[in-house]
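*Asks:* fold the following.
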Amino acid sequence: MGLFGTSDPVEKQEKMLDKENRSEEKSIKQAIKDIAHAEKNEAKGAKAETHAHSVHEKAAKEEAKLSSELHKLEQKHQAAASKVQATANDINTKTSEHQRLAQAVEQKKSHLNQLESQHHEHGTVREHKLAELHATHEPAVVSGAGTGAGAGAGAGAGQLHDQGLAQGQQHAGVAGVGAGHPAGAGVGSGATGATGGVAGAQGTAPTEGQRVSEAAHRM
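*Replies:* Now for the predicted structure:
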């Protein structure tokens, strides 16, 4: 073997082949390392993908749940909005009805005030009419009662006088002129009737009972 290497071509060839072999083995080892690293990364990627799918599924479920709740809330909101509108309309209706009833109350109060005022005025007029009526008819009733009572008393006295005379004549015819007393009694009775007739003719003032009776007959 020389100073600058071997000059044997076979040996040179062997060295070159050995170097090439080591280089290839080194590359293979590096490739194996790269594959291991890539596989590790690929496993991480697969895990991340699986996690992403899981997160997506959870998000989809949450979205579906919220969508369902949103639909229910929209229905509730629509129902609440309809109720608000209905109650607003009911307020308008009740307000109009209350105003109508209040006006009816005021009209009835006004009508009552008119009736009371008319009643008071008519009562005053009636009192004046009654006062005038009593003032006009009360003296006439008293005067008529006195006149009627006087006439009645006079007529009654005249009848008694006639009856007395007739009785006196009867006693005189039966007992005769010599008896005296019965005829005198008849004459006396006639005189008494005459006296009553004179009193009735003179218009003796009637009693209070006669006035009342006469007034009752005239009414």
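*Asks:* okay, strands next: where are they in the protein?
*Replies:* With DSSP state E as the criterion, the chain has no strands.
*Asks:* which helix or strand in it has the lowest average pLDDT?
*Replies:* helix 181-201 (a mean of 39; mean pLDDT, DSSP states H and E).
*Asks:* what about residue 114, distance to residue 133?
*Replies:* Separation of residue 114 from residue 133 (Cβ to Cβ, to the nearest Å): 28 Å. Quick note: C-beta positions are derived from backbone N, CA and C, even for glycine.
*Asks:* do the same with residue 52
*Replies:* Residue 52 sits at a distance of 117 Å from residue 133 (criterion: Cβ to Cβ).
*Asks:* same thing with residue 45?
*Replies:* 127 Å.
*Asks:* try residue 58
*Replies:* Counting by Cβ to Cβ, the gap from residue 58 to residue 133 is 108 Å.
*Asks:* cool, and residue 24?
*Replies:* Residue 24 sits 157 Å away from residue 133, going by Cβ to Cβ.
*Asks:* can you map out the helices along this structure?
*Replies:* Along the chain, the stretches classed as helices by DSSP state H are 9-175, 181-201, 208-218.
*Asks:* quick check: mean pLDDT of stretch 94-101?
*Replies:* Average pLDDT, stretch 94-101: 97.
*Asks:* and for residue 61, the neighbour number?
*Replies:* Using other Cβ atoms under 10 Å, residue 61 has 10 other residues around it.
*Asks:* low-confidence stretches in the chain?
*Replies:* Applying pLDDT under 70 to the chain picks out residues 1-6, 138-219.
*Asks:* can we see that at 80?
*Replies:* For the chain, residues meeting the criterion pLDDT under 80 lie at 1-7, 137-219.
*Asks:* so what's the residue count around residue 22?
*Replies:* Neighbours of residue 22 using other Cβ under 10 Å come to 10.
*Asks:* same check, this time on residue 90
*Replies:* That count, for residue 90 with other Cβ under 10 Å as the rule, works out to 10.
*Asks:* please apply the same query to the one 10 residues further on.
*Replies:* Using other Cβ under 10 Å, the number of residues around residue 100 comes to 10.
*Asks:* how close does it get to residue 93?
*Replies:* For residue 100, the distance to residue 93 equals 11 Å [Cβ to Cβ].
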